[in-house]
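Colleague: Sequence plus the predicted model coming up.
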Amino acid sequence: MIPRGDSRLKEERVLEYDRLASAPPAYLKDSQETFVPRPATGGTVRSKSAARGARSRAVAAAGGAGKRAKTNGKEKAAAADKAAGASGKRRDRGQMGLFDLASPAASEARPMPAAPAAPKAAPARARAAGRKETAGRKETAGRKETAGRKETAGPVAQQAAPAKASRQRGTAEQMASRQREISVSEFFTKNRHLLGFDNPAKALLTAIKEAVDNSLDACEEAGIPPDLEVTISEIEEERFRIAITDNGPGIVKNQIPRIFGKLLYGSKFHTLKQSRGQQGIGISAAGMYSQLTTGKPVRIISRTGKGKPAHLYEIRIDTARNDPVILEEAVTEWPHEHGTRVEMELSATYKKGRRSVDDYIAQTALANPHADIRYTDPKGESIHHKRITTELPREPVAIKPHPYGVELGMLIKMLHESRSRNLRGALQADFSRVSAKVADEIASLAGLRPEARPKGLKPDEVEKLYKAIPKVKIMSPPASCLSPIGQTLIEEGLRKNIPGCEFYASVTRSPAVYRGNPFQIEAGIAYGGSLPAEELIDLWRFANRVPLQYQQSACAITRSAITSAWKNYGLQQSRGALPAAPMVLFVHMASAWVPFTSESKEAIASYPEIVKEIRLALMECGRRLGAWVRRRRREEDAEKKRSYIEKYIPHIGIALREILGFNAREEARVVSTLKETLQRKRTI
């Protein structure tokens, strides 16, 4: 028994019981948890009330909180009693105070045992637990001191993680066995958006555009005024058949499969002159899209002259090899004396309005006033765009590359493939605007002999030659490779396609050069009439007589129109936007090599030289428009003043007659004199 007066001894016994209550029971000594022996201080508490108090304090410490709800404390106490009696033997409770758990979670969740009854067995159990600890003890965590006692903390025993499967390493030989050449047809099959087939509405427009471009190029090259028929037939919802027929020179039989069934096959890529097609991709890419979306082949009929057979082909593209596959080859009846007809089915959608096939056909007729185009839409409505002139455009002449536009790798290739015996002759023969004097000057600045063999030049010597070229003044390349529309035909086309406007103007700039490539800018304006006055202007963009329908914001033409100061010409314009006015703005770029931003040929790259020329053309048209707008405003003001004179002068005559007693004749004379005086002052 603890004497009632000895409070210090009582506190020590209560604290000792708290420590013993946090120790694990004996039946857990064989578990995976590690026990740490702690020497016992001895002594027991016989008072039941003291034991209950210690049990409550142990439950509060195990929960990690200061005060718990009464019901929660009872639940923890009941759980502790249940766990303590699970072994059926409570005689070992007295020895639990000799060990502590290393795991804090286990020590907090451990049921609280009753007071120890047999402290004499503690040393033996401590030794046994120590042996187990030395055999398989895990890491112990730091201890915390709470309310005057130490509690051990440590991680709960974790389950062993399953072993990861070993990763098999690939060898260079295995990687090499999987590498193969990629066909250009395979590439564009997966990346058809690069060619303009990224949505159904755009796909229909792109397919027709490529076929129309080929027809116009063929007719102009053969010297035949183009007669085109474009027909769209709706087979079912979102599925159409398109047919384009021209009166061109036709296609030789052996070339038909390659032209329509092989990508990057054409005749214009290696020549420097203005043409609609450049890369030899367009029409074959349209056939590839048709094959991809409908599984149908492209059908071609072509005849090269009167009395010659018309050849019929049905062609598919072998995308793995980029080769045509002929499904049908025959001779057929065809009413046209010469020309070509292309038919294909494709998955697409048809719409009207801006960036539609209807809009494209109308703009094509504007940019090609020498062409006669008959167009039938899916609803069966026909539109006939008659030609304005029967005179064909000036035939462009192919030119040689200009030294300013050549790059180092191309220069090395050209010199090694040159047939000339010396450097002077190679520069004169392979480049335009290079005379013998200019060639000697270039070679002298590069530290090379003009008589040196071109094929014998080393790469570092060619690089010196490349760096010397910009230091020599060379004439601009000839503009004979260009075929602009012309100022007169642009204005006539605007009057025909946009009738009822109050003002028309057009301008054709002199040729300029970017990267050694000649180009020419043309611009036109149609203002007033029934065009919407509160909306932004309608910008029509063209490159080599082809309308550009998409990617307007990425085009150099749009950038130039936005950066022009249209307020100086009497138009309203917000910052960073096109002007708001009843106006259509026409801009055309003619070049031997148009710098498109992608293979779909929808926007022109913003080279500084190109942007400058476009802005100068727009400024010239703008000055003409501004002069007309200001003159019209003066006329409107004059008309308003005239109406005031006619309205108020008679009243002045009546007042003078009443005041001065004029008769009717005198009144009329005074009114006439006042009108003449005011009119004369207003005119002066």
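Modeller: Looks like it arrived, so ask away.

Colleague: how deep is E502 tucked in, by neighbour count?
Modeller: 13 (other CB atoms under 10 Å). Every C-beta, even on glycine, is put in place using the N, C-alpha and C of the backbone.

Colleague: Contacts only, for it.
Modeller: By CB atoms under 8 Å, 6 or more residues apart in numbering, the contact set of E502 is Y527, G528, G529, R632.

Colleague: any idea how far S302 lies from G282?
Modeller: 17 Å (CB to CB, to the nearest Å).

Colleague: neighbour-wise, which of those two wins?
Modeller: Using other CB under 10 Å, the more surrounded residue of S302 and G282 is S302, with 28 against 25.

Colleague: For the more buried one, which three-state class applies?
Modeller: strand (DSSP: H, G, I helix; E, B strand; the rest coil).

Colleague: picking that back up, and of the contacts of E502, the nearest to I562?
Modeller: Y527 (18.3 Å; CB to CB).

Colleague: quick revisit: now, of the contacts of E502, which are buried?
Modeller: Taking 16 or more other CB atoms under 10 Å as the criterion, what is buried in the contacts of E502 is Y527, G528.

Colleague: Just the ones in helices from the contacts of E502, please.
Modeller: Counting by DSSP state H, the part of those found in helices is R632.

Colleague: Which two among the contacts of E502 are spaced furthest apart?
Modeller: G529 and R632 (13.0 Å).

Colleague: And stretch 524-538, how far out from the chain middle?
Modeller: Computed by CA atoms, centre = their mean, to the nearest Å, the chain-centroid distance of stretch 524-538 equals 30 Å.

Colleague: what ranges do the strands span in the stretch 401-550 of the chain?
Modeller: When secondary structure is read from DSSP state E, counting those that start in this stretch, the stretch 401-550 of the chain shows strands at 503-508, 512-514, 517-527, 538-543, 546-548.

Colleague: Next, E343: secondary structure please.
Modeller: strand.

Colleague: any idea how far it lies from I224?
Modeller: 22 Å.

Colleague: more neighbours, the two?
Modeller: The residue with more neighbours, out of E343 and I224, is E343; 20 against 16, by other CB under 10 Å.

Colleague: Pretty sure that one sits against I235.
Modeller: No - the criterion here is CB atoms under 8 Å, and E343 misses it with I235 at 11.9 Å.

Colleague: Give the residues shared as contacts by those two.
Modeller: With CB under 8 Å, 6+ apart, E343 and I235 have common neighbours R241.

Colleague: Show me the shaky parts of the stretch 151-300 of the chain.
Modeller: Scanning the stretch 151-300 of the chain for pLDDT under 70 picks out the ranges 151-165.

Colleague: just the strands in it please.
Modeller: For the stretch 151-300 of the chain, the strands defined by DSSP E, counting those that start in this stretch occupy 227-236, 239-246, 298-303.

Colleague: The next helix or strand after the shortest one: which residues count as buried?
Modeller: Tracing the chain C-terminally past strand 298-303 and defining elements by DSSP states H and E, one meets strand 310-318 next. When neighbours are counted by 16+ other CB under 10 Å, the buried residues of strand 310-318 are found to be A310, H311, L312, Y313, E314, I315, R316, I317.

Colleague: Can you give me the distance of the fifth one to F197?
Modeller: Spatial separation of E314 from F197 under the definition CB to CB is 21 Å.

Colleague: same check, this time on L482
Modeller: From L482 to F197 the distance is 30 Å (CB to CB).

Colleague: ok, these two, which is more surrounded?
Modeller: Legend: neighbour count by other CB under 10 Å for L482 and F197, higher for F197 (25 against 21).

Colleague: Test my guess that that one contacts L205.
Modeller: No - F197 is beyond contact range of L205, at 10.0 Å (criterion: CB under 8 Å).

Colleague: tell me the contacts of the closest residue to E492 other than its chain neighbours?
Modeller: The shortest distance from E492 to any residue other than its chain neighbours is 5.5 Å, reached at I388 (CB to CB, 6 or more residues apart in numbering). For I388, the contact set (CB under 8 Å, 6+ apart) comprises P369, H370, L489, E492, G493, K496.

Colleague: can you check I317 too?
Modeller: Counting by CB under 8 Å, 6+ apart, I317 touches S185, G261, K262, L263, S284, G287, M288, Q291, D323, P324, V325.

Colleague: what's the helix or strand for D358?
Modeller: If you go by DSSP H and E, D358 is part of helix 357-367.

Colleague: pLDDT (mean, whole number) over whichever helix or strand comes after that helix?
Modeller: Moving toward the C-terminus from helix 357-367, the next helix or strand (DSSP H and E) is strand 372-376. Averaged over strand 372-376, pLDDT sits at 95.

Colleague: K202 and D318: what is the separation?
Modeller: Distance, K202 to D318, by CB to CB: 26 Å.

Colleague: Nearest spatial neighbour of M288, chain-adjacent residues omitted?
Modeller: I317 is the one closest to M288 (CB to CB, 6+ apart), at 5.2 Å.

Colleague: Can you tell me who the one you found pairs with across the strands?
Modeller: Counting by DSSP bridges, I317 is bridged to P324.

Colleague: Against L292, how distant is it?
Modeller: Distance of I317 to L292, computed by CB to CB: 9 Å.

Colleague: Just give me the neighbour total for T245.
Modeller: For T245, using other CB under 10 Å, the count is 21.

Colleague: S347 too?
Modeller: Neighbours of S347 (other CB under 10 Å): 16.

Colleague: show me the residues around it that make contact.
Modeller: P200, A203, E238, R239, T293, T294.

Colleague: how about those residues in a markdown table, adding neighbour count?
Modeller: Formatted as a markdown table, the contacts of S347 follow (neighbours: other CB atoms under 10 Å):
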| residue | neighbour count |
| --- | --- |
| P200 | 17 |
| A203 | 24 |
| E238 | 14 |
| R239 | 17 |
| T293 | 18 |
| T294 | 17 |
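
Colleague: Tell me which of those fall in helices.
Modeller: P200, A203, T293, T294.

Colleague: Next, give phi and psi for the nearest residue to the third one once chain neighbours are set aside.
Modeller: So that's T293. Counting by CB to CB, 6+ apart, T293 lies nearest to S347, which is 3.7 Å off, once chain neighbours are set aside. Phi and psi for S347, reported as degrees, to the nearest 10, are phi -80, psi 120.

Colleague: and S347, bridged to which residues?
Modeller: On the basis of DSSP bridges, S347 is bridged to R239.

Colleague: need the contact list for the nearest residue in space to L539 that is not next to it in sequence.
Modeller: Closest residue to L539 apart from its sequence neighbours, by CB to CB, 6+ apart: L585 at 5.1 Å. L585 makes contacts with A523, G524, I525, I537, D538, L539, W540, A561, L618, as judged by CB under 8 Å, 6+ apart.

Colleague: The last one: what secondary structure?
Modeller: To tie it back to what came earlier, the one meant is L618. Strictly by three-state DSSP, L618 counts as helix.

Colleague: before we move on, back to that, TSV for the contacts of S347, including distance to E333?
Modeller: Formatted as TSV, those follow (distance: CB to CB, whole Å):
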residue	distance to E333
P200	34
A203	32
E238	33
R239	28
T293	30
T294	26
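
Colleague: What is the nearest of the residues you listed to S591?
Modeller: A203 (26.8 Å).

Colleague: so that closest one touches L346, yeah?
Modeller: Yes - the pair A203 / L346 is scored as a contact, 6.4 Å apart, by CB under 8 Å.

Colleague: any residues in contact with both of those two?
Modeller: Y289, T293.

Colleague: Compute the first-to-last residue distance for stretch 533-549.
Modeller: One end of stretch 533-549 to the other measures 23 Å (CA to CA, to the nearest Å).

Colleague: dump the residue contacts of P200.
Modeller: Counted by CB under 8 Å, 6+ apart, P200 has contacts E238, S347, A348, T349.
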